[in-house]
Structure formats: structure tokens, C-alpha cells
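Q: okay, sequence plus prediction incoming.
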Amino acid sequence: MADQRPYISALWHAVPSDIKTQLAQTILAGIEEHRANGCPVSASPTIFFRADDIAIPSDRCKTMLRIFAQTDTPLGLAAVPAWSTAEHIETLLSVAPEKNALWCWHQHGWAHENNAKQGRKCEFGDDRSTPQCAKDLQQGYDTLQSLLGNSFCPIFTPPWNRISNTNIQLLKDTGFKAISRAASAPHQNILPDIPINVDLHTRSELTAAKGWSGLLAELRAGIASGRCGIMLHHDRMNKAAEDFLQQLLIILQSYPVQPVPINYYML
């Protein structure tokens, strides 16, 4: 059914009773590994959060924004231009109006449509002509700039974290200053990359135990690298995922890990 909620990953159906302890241990282990890599104590790891598929002001989306607002944690909002309207943006900005400076609005594709003729999903791959892609990228850029004004940041998050190098060059030509993809994405030198290396909600493990093992391993490695990027999908969150997110943001405040906005890496 078209209105059916997306699949909820296995780990959010069985959260360990000692998850707070496991989280604290994971964060500390990442910090210690970061220092063991030769980084000085004064050089704290940074962490940023990127929420994809933003536009529709659903209850899940608004709950996510409140959680970040309550903990004063910056959040990159990857907005889908074709889904966005002035009413949608106004509603989302009204969720925590005193905390709107925490949000870094940027572009998430054009219509979040799969245009790949075969293989893995991709909106801006090599299966469409360059003029078609250029038109959609420019239209998305203009739409969000019109809706958001100075609040629009010229970062591009491709749907499914995939985009061809030809289209990355089009991003640069359009006026984008950076791209945010998965850390595993192919290397490119066209635009600065702001990679995410932790996936909270689109995990594919079939059991909760494997899901938690994978998630905590990603979090530890991300912190150890010195730059941890966490990807969120509000439509794939349940109450357990919301509670975990709140716990994570609160626990991070007790450790030398610096939450930063996604555009921090452009400054």
C-alpha cells in the first residue's frame, strides 16, 4: 500500500536493557582509540547528524526535531525539494521556533525517485541525460532557496547516498559547495565530501543482536576516526528508536565529543 510505513529495522524491536551502559562504553572506547591514533587530548572528535527525507511535517518528523531541540544538538535537514511547500517549511519551523538556528537545511535530490534502469536505486546516476539532471538539480536548488532564503545551505545529499561523478560536476556548476554521502562511496575530487559512517534506521540485519552489534561498531569507529556522521530517517523510527536517540544525545554531553552542524566542515 502506498501509505504503508517503511520497514522498521530489527534492532528497534528489541533494545537491550543495558543500552545506556553499552552506549557509554562504546563512546569511551571510540575516544580512547582516537587518542591512541596519535590525536592530542585537546583535539576532541566531532559528531554530526543528518536527517534525510525531510519535507512532510509528520508526527515522527516533529518528534525528532523536538529531541534535538531539547538537547541543543545541531541537525542537518536534507529536504526533498519536490515534496517541499511553504506550508510544510513553516510548520517544521514552528516545532521549536527558538531553536531553528540548530537546523542546517540542505538539498536531498529533487523528487527522491529511482531513475536507475537496473541495479541499485539512484536518482542522479548515468541513466538520464545531462540536461535532464541539470534541470532537476537547478530546480531543486531554486525551490529550496526560495522557500528558505539564507537558511538554505548549498550542500547536496543524494538519495540512497548515490550519485555519478558527472552529476557531482553538475552540482558544482549549480552552486553547491559540498556533498554528503556514505563513507563507503567512491572517492571523488570534485566537491568536498561530508560522509556519514553510522546508519541508525535503514539497517538490514535480520536480528536485533546483529543490528546492535553493527550499530555500536559503527559508532565506535566513527568516533575513533575523529569525524562521526550519523544518518537518520524519521519515518523508520518507532518509540524505541526515539528513546534511544534522546539517550544518545544526552550521553554524548558527558564525553569530549563535539556535536557540530553538518556545514561545520565547510567553514
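A: Alright, I've got the coordinates. Worth saying up front: this structure is predicted, and the values here are computed from it rather than measured.

Q: okay, CA-based contacts and neighbour counts for the rest of this
A: Fine.

Q: residues touching His234, list them.
A: The contact partners of His234, taken as C-alpha atoms under 8 Å, 6 or more residues apart in numbering, are Ala51, Asp52, Arg60, Cys61, Met64, His201.

Q: so which residue is dead centre in the protein?
A: In the chain, the residue lying closest to the centroid (C-alpha atoms, centre = their mean) is Arg50, at 2.3 Å.

Q: that residue looks like it's in a helix, true?
A: No - Arg50 sits outside any helix when classified using DSSP: H, G, I helix; E, B strand; the rest coil, being strand.

Q: all helices of this protein, in order?
A: 19-36, 59-70, 86-93, 130-148, 165-174, 208-225, 239-252 (DSSP state H).

Q: give the other helices and strands that the first one contacts.
A: Contact analysis of helix 19-36 by 3 or more C-alpha pairs under 8 Å, 6 or more residues apart in numbering; DSSP states H and E lists helix 208-225, helix 239-252 as its packing neighbours.

Q: surely the residue nearest to the centre of the chain is in contact with Leu232?
A: Yes - between Arg50 and Leu232 there is a contact under C-alpha atoms under 8 Å: 6.1 Å.

Q: re the thing from before, for the residue nearest to the centre of the chain, give its distance to Asp72.
A: Distance of Arg50 to Asp72, given as C-alpha to C-alpha, to the nearest Å: 15 Å.

Q: do Tyr7 as well
A: 29 Å.

Q: Phe48: what's it in contact with?
A: Phe48 touches Pro74, Leu75, Gly76, Arg227, Cys228, Gly229, Ile230, Pro259, Val260, Pro261, Ile262, counting by C-alpha under 8 Å, 6+ apart.

Q: which of the helices and strands packed on helix 19-36 sits most buried?
A: helix 208-225 (a mean of 20; mean count of other C-alpha atoms under 10 Å).

Q: now, of the contacts of Phe48, which are buried?
A: Neighbour-count burial within those applies to Pro74, Leu75, Gly76, Arg227, Cys228, Gly229, Ile230, Pro259, Val260, Pro261, Ile262; the criterion is 16 or more other C-alpha atoms under 10 Å.
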